[in-house]
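Chemist: with the sequence up front, the predicted model follows.
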Amino acid sequence: MEETNEFISGGIFSALEDLPEGYITLITVKADDYLRANMNILKYLCNFKNLQGIYVSINRPYTSSTTIMKENDIKTDNIFFVDCISVLLGDTPFRTKNCLFTSPENLTDIAVLIDQWVSSLPKGDKFLFLDSLSTLLIYNSIGTVTKFSHFLTGKMRQWGLNGILMSLERENNPEILDNISQFCDKRINL
């Protein structure tokens, strides 16, 4: 697995541009740069590459995520969402036109909902963007998140998805990132 350090703006575009179809990348970022990094990566995937994809939102509710994306001029028409936070906030929808809802504690449901969206995507290059492995650690143990990441990266390869796994830099649990890195093709530290 290749590991690089990149700047958040143009550097991330060139780092992603060099990846072959079907790549899986772990991207670590400082908390202060997290939102900007997410928006730049999504802009690359949705606007520059014009890909369809699945966004697994563990940090923000679907409505908040789409508002921020639109404010950053990101095309959201081709993004399907798995919202893992609204249920915890008391908003209990199960499905909207392009969003399915579950809890960050239920990793099996997350995988099943991703599978439902994958089967609805047309053939061709597409992506899965998981917005925060580090937030999953609030609701699940390190071992469980590592096993889920291994399962999910295997499924992404089977489904033919390009994958972006985001995580905050975690000085107190570096072993989780090292373990998950082994399942990825590249690790980018922003």
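Modeler: Thanks, I have the structure now.
Chemist: only C-alpha atoms from now on, for both contacts and neighbour counts.
Modeler: Will do.
Chemist: what lies in contact with the longest helix seen in the chain?
Modeler: If you go by DSSP state H, the chain has its longest helix at helix 142-159. The contact list for helix 142-159 (C-alpha atoms under 8 Å, 6 or more residues apart in numbering) reads 22, 24, 107, 111, 118, 128, 133, 136-137, 162-163, 176, 179-180, 183-184.
Chemist: so which of these are in helices?
Modeler: Per DSSP H, helices hold the following members of these: 107, 111, 118, 133, 136-137, 176, 179-180.
Chemist: quick check on those residues: which are buried?
Modeler: With burial judged by 16 or more other C-alpha atoms under 10 Å, the buried subset of these is 107, 118, 133, 136-137, 176, 179-180.
Chemist: could you identify the most distant pair in those residues?
Modeler: The largest separation in those, counting by C-alpha to C-alpha, is between 118 and 176 at 26.6 Å.
Chemist: what segments of the chain are strands?
Modeler: With strands called from DSSP state E, the chain shows them at 2-5, 24-29, 52-57, 79-83, 99-101, 126-130, 162-168, 186-189.
Chemist: sheet-wise, list the partners of the fourth one with their directions.
Modeler: Next to strand 79-83 in the sheet, as set by DSSP bridges, lie strand 52-57 (parallel), strand 99-101 (parallel).
Chemist: the last one too?
Modeler: If you go by DSSP bridges, strand 186-189 pairs up with strand 2-5 (parallel), strand 24-29 (parallel).
Chemist: compare those strands and say which comes out lowest on pLDDT.
Modeler: Ranked by mean pLDDT, those bottom out at strand 2-5, with a mean of 44.
Chemist: measure the most centrally placed residue in the chain to residue 90 for me?
Modeler: With distances taken as C-alpha atoms, centre = their mean, residue 130 lies nearest the centre of the chain, 1.7 Å away. Plainly put, residue 130 is 22 Å away from residue 90 if you go by C-alpha to C-alpha, to the nearest Å.
Chemist: tell me the pLDDT of residue 90.
Modeler: Reported pLDDT for residue 90: 77.
Chemist: burial count for residue 128?
Modeler: Residues lying near residue 128 (other C-alpha atoms under 10 Å) number 23.
Chemist: residue contacts, residue 57?
Modeler: Counting by C-alpha under 8 Å, 6+ apart, residue 57 has contacts 65, 81-85, 130-132.
Chemist: possible to save these as TSV with distance to residue 156 and pLDDT?
Modeler: Below are the contacts of residue 57 laid out as TSV (distance: C-alpha to C-alpha, whole Å; pLDDT from 0 to 100):
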residue	distance to residue 156	pLDDT
65	23	92
81	16	92
82	15	91
83	18	91
84	19	91
85	22	90
130	12	93
131	15	90
132	16	86
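Chemist: ok, residue 73 to residue 44 distance?
Modeler: Applying C-alpha to C-alpha to residue 73 and residue 44 gives a distance of 11 Å.
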